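In: Below is the sequence, then the predicted model.
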Amino acid sequence: MPARVPLDVDLEDKLLYGLTPTRLVYLIVAFLAAFSVWSSHWALMPIRAGAATVLMILGAVAAWGRWRARPVDRWFTDIVHFTLATYRMRWNLPRR
């Protein structure tokens, strides 16, 4: 019995505005963090507005950002892996 395999099995599902579930979570968490910064009273209103705006922009970049057809989070994880593999820190304890 011949069977046909769909060609798009390995593609990620798109939920909202072309975002995968992981990217949608990035956007939601960033917007919730921005709302939390905005609604708290730790600084003056212009400082809170700037911090909330930066958080929203970072969330949008994490959700939709791509460079050379790769998502931003994969670039970030590759940079972290490269840094950890290249630079090793050694702690020398003082002798007693």
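Out: It's in.

In: Setting the sequence-adjacent residues aside, check what's closest to the spatially most central residue of the chain.
Out: To find the centre residue of the chain, average its C-alpha atoms and take the closest one (Cα atoms, centre = their mean): that gives A62, at 4.2 Å. If you skip the residues right next to it in sequence, A62 has Y26 as its closest partner in space, 4.2 Å away by Cβ to Cβ, 6 or more residues apart in numbering. C-beta: built from backbone N, CA, C; applies to glycine.

In: Same check on V29?
Out: Nearest residue to V29, sequence neighbours excluded (Cβ to Cβ, 6+ apart): G59, at 7.1 Å.

In: What pLDDT does the model give L15?
Out: Per-residue pLDDT puts L15 at 83.

In: Can you give me every residue that contacts it?
Out: Residues counted as contacts of L15 (Cβ atoms under 8 Å, 6 or more residues apart in numbering) are P21, L24.

In: what helices or strands is the strand or helix carrying D78 leaning on?
Out: Under the criterion of DSSP states H and E, D78 resides in helix 72-86. Helices and strands touching helix 72-86, as assessed by 3 or more Cβ pairs under 8 Å, 6 or more residues apart in numbering; DSSP states H and E, comprise helix 45-64.

In: Could you rerun that using 10 Å?
Out: helix 21-39, helix 45-64, strand 66-67 (3 or more Cβ pairs under 10 Å, 6 or more residues apart in numbering; DSSP states H and E).

In: what about these, which gets the closest to P2?
Out: Taking Cβ to Cβ, helix 21-39 is the member of the helices and strands packed on helix 72-86 nearest to P2, at 33.4 Å.
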